[in-house]
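Peer 1: Just to be clear, the model below is a prediction. Sequence and coordinates:
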Amino acid sequence: MKAKGSSKPDALFRRRSERVRFRLRQAAKGRARLSVFRSSRHIYAQIIDDAAGRTLAAASTLDAGLKPNLKTGADTAAASAVGKLLAERAKAAGVERVVFDRGAYLYHGRVKALADAAREGGLDF
């Protein structure tokens, strides 16, 4: 049996991410969405075409070409590497303009490092 109120933080997290995504949909104007998921050990990012409902490009700290070069998957250096890799894959898929979906995470630390690296790699947002 769950403790009383144990799902409240999860519900607040979900509401916050839905609020951010709602605002993005209004501002997107047909652009793809760069979505970020951050766990305690890794960071994942994907570019999603919401109109078609498919993923156009994805990268994470678990990628075979990236993982051996990283000290850990949970620092800003790893997030920067993922951002650069994602930008390369997005360019190869023909995507240049996206909207940045930070989810319920603050634009700080690993999330900011990923976004900055993706911008340096050529993505426009």
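Peer 2: That came in fine, so what should we check first?
Peer 1: Tell me the confidence at the nearest residue to I43 once chain neighbours are set aside?
Peer 2: Nearest residue to I43 in three dimensions, chain neighbours excluded: A79, at 5.0 Å (CB to CB, 6 or more residues apart in numbering). Backbone N, C-alpha and C define where each C-beta goes, glycine included. At A79, the pLDDT value in this model is 97.
Peer 1: check which helix or strand covers A79.
Peer 2: Using DSSP states H and E, A79 maps to helix 76-92.
Peer 1: which neighbours does whatever helix or strand comes next after that helix have in its sheet, and in what orientation?
Peer 2: Helices and strands here follow DSSP H and E; after helix 76-92, the next one along the chain is strand 98-101. Strand pairing for strand 98-101, determined by DSSP bridges: strand 32-38 (parallel).
Peer 1: May I see the buried residues of whichever helix or strand comes after the strand it pairs with?
Peer 2: With elements assigned by DSSP H and E, the helix or strand that comes after strand 32-38 is strand 43-49. Going by neighbour count (16 or more other CB atoms under 10 Å), the buried part of strand 43-49 is I43, Y44, A45, Q46, I47, I48.
Peer 1: what's the answer for stretch 25-34, then?
Peer 2: Quick answer for stretch 25-34 (16+ other CB under 10 Å): A28, R31, A32, R33, L34.
Peer 1: Tell me which of these has the lowest pLDDT.
Peer 2: The model is least sure about A28 among these, giving it 88.
Peer 1: Thanks again, I'm all set now.
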